[in-house]
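>>> Got a predicted model here, sequence first, then my questions.
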Amino acid sequence: MTRLPQVEPAPGMPAKVTVYEVGPRDGLQNESAIVPVEVKAQFVNRLVAAGLPAVEVTSFVHPRWVPQLADAEQLVDALDLDAADRMPVLVPNERGLERALAKGVREIAIFASATESFAARNLNRSMDEQYAMFEPVVRRALQEGLRVRGYLSMCFGDPWEGDVPVGQVVEAGRRLIELGCSELSLGDTIGVGTPGQVERLLAGLAEAGVGAEQVAVHFHDTYGQALANALTAMRCGVTVIDAAAGGLGGCPYAESATGNLATEDLVWQLHGMGVATGVDLPALIETSAWMAAQIGKQPASRVVTALAPNLT
């Protein structure tokens with residue numbers, strides 16, 4: 001029998017949190033192995049079956065830039081996009097949006113930067129130019145009835161610029177919301193953020209009119225701060241937390257970036273505090289252990305490492 005956390009409700013926590021699973025996209029895009037489309041489809045289906053309400057499926061980016069996700073069309077064809085409440089895809093530009101629309105996608109995500117250096121390296125644009133690039137994408141998506149999520153990377157530190165001023169991040173986030181994004185995901189792309197930074201940034205966004213109900217958080221665990229930062233965000237009112245099954249992923253454009261917050265570790269923490277997620281933790285652990293075997297890599301999740309050998 002799988003060990004589950006003892007439940008002790010924590011004051012000041014939301015009753016329910018949406019765990020936004022990014023493993024199939026943000027996780028696999030940073031793995032050196034090219035995973036067969038049939039395995040990817042099984043991965044997504046297993047995550048959905050485990051109760052994840054939001055599973056980001058893939059990215060319609062040019063295969064030259066992310067060869068691991070070159071099979072985006074084939075993967076979407078193999079899935080039921082109504083199987084979970086949210087099954088978005090990432091689109092980098094208008095061409096990516098056209099490809100997504102042709103496949104009946106109901107939600108997209110765009111990926112912006114809070115710093116000039118990362119905008120130049122990741123998008124070949126300045127920060128101002130990135131909004132001009134995204135404006136027609138968001139406008140068309142909204143016209144087609146799609147929901148749009150806006151990722152904002154380098155919110156807590158940049159490997160080329162160092163510390164990132166809170167005001168700079170707030171302005172970038174505000175501009176994404178003004179473009180029409182209904183959800184703003186704040187990325188700690190290189191995993192250097194700490195709880196005090198999380199509080200300051202969320203307070204700054206609130207002062208600028210972007211409330212916690214519009215915000216998600218996306219933490220990497222380079223310095224072991226991801227769970228603490230997620231807990232801090234939830235205490236500030238955030239109820240959407242990005243995570244990757246088994247701790248998969250990183251960022252191919254940011255040096256030293258390790259994997260995302262592991263979904264199992266987040267769910268263990270949430271369930272222990274009495275916060276509802278709808279996720280079947282044993283099924284999720286089985287899925288992450290299975291996926292780790294597919295790519296020949298040990299899972300980064302502490303919960304998977306502790307419990308996977310005990311699953312029957």
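It's in.

>>> How many neighbouring residues does the nearest residue to D71 once chain neighbours are set aside have?
Residue nearest to D71 in three dimensions, not counting chain neighbours: V37, with 4.4 Å by C-beta to C-beta, 6 or more residues apart in numbering. Bear in mind the C-beta positions are built from the backbone N, C-alpha and C, glycine included. For V37, the count of nearby residues is 18 (other C-beta atoms under 10 Å).

>>> what residues are up against V37?
D71, Q74, L75, A78 (C-beta atoms under 8 Å, 6 or more residues apart in numbering).

>>> got it, and E135?
Shown in contact with E135 (C-beta under 8 Å, 6+ apart): L179.

>>> That one: which element?
helix 127-143 (DSSP states H and E).

>>> With just CA atoms, put the helix-or-strand element of the chain with minimal mean pLDDT into CSV.
Scoring the helices and strands of the chain by mean pLDDT, DSSP states H and E places helix 116-123 at the bottom, with a mean of 92. Presented in CSV, the C-alpha positions along helix 116-123 are these (Å, rounded to 0.1, in the frame of the first residue of the first chain):
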residue,chain,number,x,y,z
GLU,A,116,16.1,42.0,-22.7
SER,A,117,18.8,39.4,-22.8
PHE,A,118,16.5,36.4,-22.7
ALA,A,119,14.1,38.0,-25.2
ALA,A,120,17.0,38.4,-27.6
ARG,A,121,18.3,34.9,-27.1
ASN,A,122,14.9,33.1,-27.0
LEU,A,123,12.8,35.2,-29.4
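
>>> So which other helices or strands are in contact with that helix?
strand 107-113, helix 127-143 (3 or more C-beta pairs under 8 Å, 6 or more residues apart in numbering; DSSP states H and E).

>>> now do 10 Å
strand 107-113, helix 127-143, strand 147-153 (3 or more C-beta pairs under 10 Å, 6 or more residues apart in numbering; DSSP states H and E).

>>> Please enumerate the strands of the protein.
Taking DSSP state E, the strands of the chain run over residues 18-21, 54-55, 89-90, 107-113, 147-153, 183-188, 215-219, 240-243.
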